[in-house]
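Enquirer: Predicted model follows, preceded by the sequence.
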Amino acid sequence: MISLTQRPEWIDLKAHKETLPPLKEMNNNFTLEHQGIYLDYSKNTITKETLDKLVTLAKACDLEAWREKLFSGERVNNTENRSVLHMALRAPKDADFSIDGKNIMPSIYKTLQRMKTLSDTIRSEGKIKDIVNIGIGGSDLGPHMVCEALKHLADTPRIHFVSNVDGAHINETLKHLQPETTIFLIASKTFVTQETMTNAHTAREWFLNSSSCTEEDIPKHFFALAANKDSVMEFGIPEENMIPFNDWVGGRYSLHSSIGLSICLSIGFENFRALLDGAYAMDKHFRTASLHQNMPIILGLLGIWYRNFWDTNAHAILPYAQNLHRFPAFLQQMDMESNGKSVTRDGNPIDYPTGPIIFGESGTNGQHAFYQLLHQGTSIIPSDFILIKKSYNGNKDHHKKLLANGLAQTDALMNGKTLAEADNAPHRVFEGNRPSNTIVLDELSPFHLGQLIALYEHKVFVQGILWNINSFDQYGVQLGKELAHNILEKGPQTPLHRYVLEDVLKEL
């Protein structure tokens with residue numbers, strides 16, 4: 001296979017870049033809209049010719065064929081020999097999603113019905129006041145982000161998330177709860193993840209140490225979101241309390257599966273269904289819209305443009321919505337775990353940059369933290385601004401100021417301030433020419449949040465295809481875990497190990 005950097009389309013784009021004027025001298029008007037989500041990508045150093053050339057590169061990399069392989073259930077996760085069909089989780093019951101000729105929709109809807117029945121029962125009875133979701137990675141970041149984003153729709157029970165193996169996380173959560181009115185969701189596909197199971201056993205001990213709770217009460221208070229029945233039952237959770245999910249659902253794509261039970265319990269199943277519907281609407285758009293009119297494809301190609309042709313190494317996610325404060329962390333896993341790869345799908349070394357560093361913070365907090373670097377630092381960092389048109393808290397004065405700040409930042413990044421405009425003070429000069437996209441949601445509803453999530457999922461897929469990498473494995477997370485296990489099994493092996501562990505080993 002021809003190397004990506006040797007493709008004539010790639011070489012053509014490198015030459016084309018040198019012909020472009022500065023961003024602030026352009027007069028672009030590039031926008032797309034789909035069912036209440038609006039993308040303005042005018043503030044990018046591109047022309048229509050640039051877009052045409054990027055689309056030509058995408059076609060040369062067989063993006064359209066790979067997109068169809070994804071939706072058709074082919075094993076696009078080649079290193080693990082798995083299909084990748086998280087899109088089926090949010091599809092209608094009569095959708096056509098199959099693996100090896102077997103329709104997977106009946107099993108999906110069986111799980112959804114179990115989630116609905118359980119969440120409706122718990123929410124209507126009113127006996128349970130607190131839900132604790134114990135998971136890590138995709139079993140925490142996705143549902144945690146959604147519950148935070150939509151907490152203006154939440155009532156009871158209260159939702160808590162525990163992920164870190166640091167005992168402070170579980171202990172600080174439990175000390176405010178009552179065992180009799182608490183349910184634990186143990187979210188781990190394998191049910192052997194070290195951090196999750198350590199926290200789960202601590203929760204179990206806390207529960208049983210209560211004077212009013214016994215082993216017989218475990219089925220009323222512990223549920224497993226898992227695929228390993230033997231480990232679940234060994235823990236003491238009966239099979240009827242296990243809500244499964246399949247190996248074709250990757251962890252960072254799992255919030256629409258049984259891992260989303262905490263979302264159902266927080267905002268109700270109907271709102272969860274609307275979240276699924278929003279994601280499905282973006283799935284259809286991604287699968288059917290032309291490359292020039294396709295939001296995930298445009299965002300993916302712009303990411304390629306800056307990472308590979310402008311040598312940018314980071315990308316900022318800037319939601320101007322406090323409820324979306326966990327969205328940058330969610331996208332860190334989505335993007336960096338997917339595309340932080342240095343070998344091709346065939347295992348060959350890569351000689352071009354792949355996934356960027358993803359970081360961000362909610363506006364306007366970020367403006368008083370790292371925006372200084374965005375505006376006047378020596379690195380160009382493309383940014384995505386996410387705005388919500390309609391206030392979801394009813395305070396219009398706050399919302400007007402919030403939106404004005406977000407819009408102003410995009411203008412400032414592009415236009416900057418000249419030396420003359422800065423009264424000849426060099427430290428007040430803003431170079432400008434800093435690119436950004438603006439994504440606008442009509443409102444922060446479950447449907448629109450679902451669209452936003454799927455938009456970025458598919459953007460990551462697009463970039464992985466062009467980079468010729470497998471975006472669906474994550475072997476990079478394993479080595480550290482293996483070495484930690486080795487230290488725990490064999491004890492300290494270096495002076496640093498001994499220095500750090502000597503006190504805790506004495507206590508044990």
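Expert: Now that the structure is in, tell me what you want to look at.

Enquirer: can you tell me the distance between the two ends of stretch 381-392?
Expert: 30 Å (Cα to Cα, to the nearest Å).

Enquirer: you'd agree D351 is up against Q6?
Expert: No: contact criterion Cβ atoms under 8 Å: D351 and Q6 do not qualify, at 9.8 Å. Every residue, glycine included, has its C-beta placed from N, CA and C.

Enquirer: pLDDT (mean, whole number) over stretch 358-378?
Expert: Taken as a whole, stretch 358-378 has a mean pLDDT of 97.

Enquirer: Endpoints of that stretch, how far apart?
Expert: With Cα to Cα as the measure, stretch 358-378 spans 18 Å from end to end.

Enquirer: try stretch 183-199
Expert: From start residue to end residue, stretch 183-199 stretches across 14 Å - Cα to Cα.

Enquirer: Pull out the buried residues from that stretch.
Expert: 183-189, 191, 193, 195-197, 199 (16 or more other Cβ atoms under 10 Å).

Enquirer: Of those residues, which one scores lowest on pLDDT?
Expert: Among those, K189 has the lowest pLDDT, at 88.

Enquirer: so what's it up against?
Expert: Listed by Cβ atoms under 8 Å, 6 or more residues apart in numbering, the contact set of K189 reads S139, A226, A227, N228, F245, D247, G251, S254.

Enquirer: Sticking with it, tell me its helix or strand.
Expert: Counting by DSSP states H and E, there is no helix or strand that carries K189.

Enquirer: where do the strands sit along this protein?
Expert: 31-34, 37-40, 98-99, 102-103, 130-134, 158-162, 182-187, 222-225, 242-243, 314-320, 357-360, 383-388, 436-441 (DSSP state E).

Enquirer: Take those strands and lay them out in TSV including distance to R75.
Expert: Converted to TSV, the strands of the chain look like this (distance: least, Cβ to Cβ, whole Å):
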stretch	distance to R75
strand 31-34	29
strand 37-40	31
strand 98-99	9
strand 102-103	14
strand 130-134	30
strand 158-162	32
strand 182-187	25
strand 222-225	24
strand 242-243	25
strand 314-320	29
strand 357-360	27
strand 383-388	31
strand 436-441	32
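
Enquirer: Relative to W10, which of those is closest?
Expert: strand 314-320 (20.4 Å; Cβ to Cβ).

Enquirer: quick one: which of the buried residues of stretch 183-199 is nearest to L419?
Expert: Distance to L419, by Cβ to Cβ, is smallest for E195 among those, at 52.5 Å.

Enquirer: Number of residues surrounding the closest residue to that closest one other than its chain neighbours?
Expert: Spatial nearest neighbour of E195, excluding adjacent residues (Cβ to Cβ, 6 or more residues apart in numbering): V165 at 4.0 Å. A count of nearby residues for V165, using other Cβ atoms under 10 Å, gives 17.

Enquirer: Surely V165 touches T193?
Expert: No: look at V165 against T193 with Cβ under 8 Å: they stay out of range, at 9.8 Å.

Enquirer: Can you get me the centre-to-centre distance for stretch 263-274 and its chain?
Expert: Here stretch 263-274 shows a centroid-to-chain-centroid distance of 19 Å under the convention Cα atoms, centre = their mean, to the nearest Å.

Enquirer: what bridges to H34?
Expert: Beta-bridge partners recorded for H34 (DSSP bridges): I37.

Enquirer: So it versus R428, what's the distance?
Expert: Applying Cβ to Cβ, to the nearest Å, the value for H34 to R428 is 40 Å.

Enquirer: So which of the two has more stuff around it?
Expert: Each of H34 and R428 has its neighbours counted (other Cβ under 10 Å); H34 has more, 18 against 12.

Enquirer: can you pull out the helices in the stretch 1-150 of the chain?
Expert: Remark: helices assigned in the stretch 1-150 of the chain by DSSP state H, counting those that start in this stretch are 8-17, 48-60, 63-71, 105-125, 138-149.

Enquirer: the inter-axis angle of the longest one versus strand 130-134?
Expert: Comparing the axes of helix 105-125 and strand 130-134 via axes from the mean of the first three to the mean of the last three Cα atoms, to 10 degrees yields an angle of 140 degrees.

Enquirer: same check, this time on the second one
Expert: Taking the same axes, to 10 degrees, one finds helix 48-60 and strand 130-134 inclined to each other by 70 degrees.

Enquirer: same question, the first one
Expert: Using the same axes, to 10 degrees, the interaxial angle of helix 8-17 with respect to strand 130-134 works out to 110 degrees.

Enquirer: quick check: mean pLDDT across helix 8-17?
Expert: Computed over helix 8-17, the average pLDDT equals 98.

Enquirer: what comes into contact with that helix?
Expert: L4, T5, E49, T50, K53, L54, T56, L57, A60, W305, F309, W310.

Enquirer: ditto for the third one
Expert: Under the criterion Cβ under 8 Å, 6+ apart, residues 58, 76, 84, 87, 97, 283, 286-287, 291, 297, 461-462, 465-466 lie in contact with helix 63-71.

Enquirer: Using ChimeraX, define a selection of the buried residues within the contacts of helix 8-17.
Expert: To isolate the buried ones among the contacts of helix 8-17 in ChimeraX, judged by 16+ other Cβ under 10 Å, type:
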select :4,50,53,54,56,57,305,309
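
Enquirer: Dump the contacts of helix 8-17 to a markdown table, plus distance to G432 and pLDDT.
Expert: A markdown table is the format used below for the contacts of helix 8-17 (distance: Cβ to Cβ, whole Å; pLDDT from 0 to 100):
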| residue | distance to G432 | pLDDT |
| --- | --- | --- |
| L4 | 31 | 95 |
| T5 | 30 | 96 |
| E49 | 22 | 98 |
| T50 | 19 | 98 |
| K53 | 24 | 98 |
| L54 | 23 | 98 |
| T56 | 29 | 98 |
| L57 | 27 | 98 |
| A60 | 33 | 97 |
| W305 | 18 | 98 |
| F309 | 19 | 98 |
| W310 | 15 | 98 |
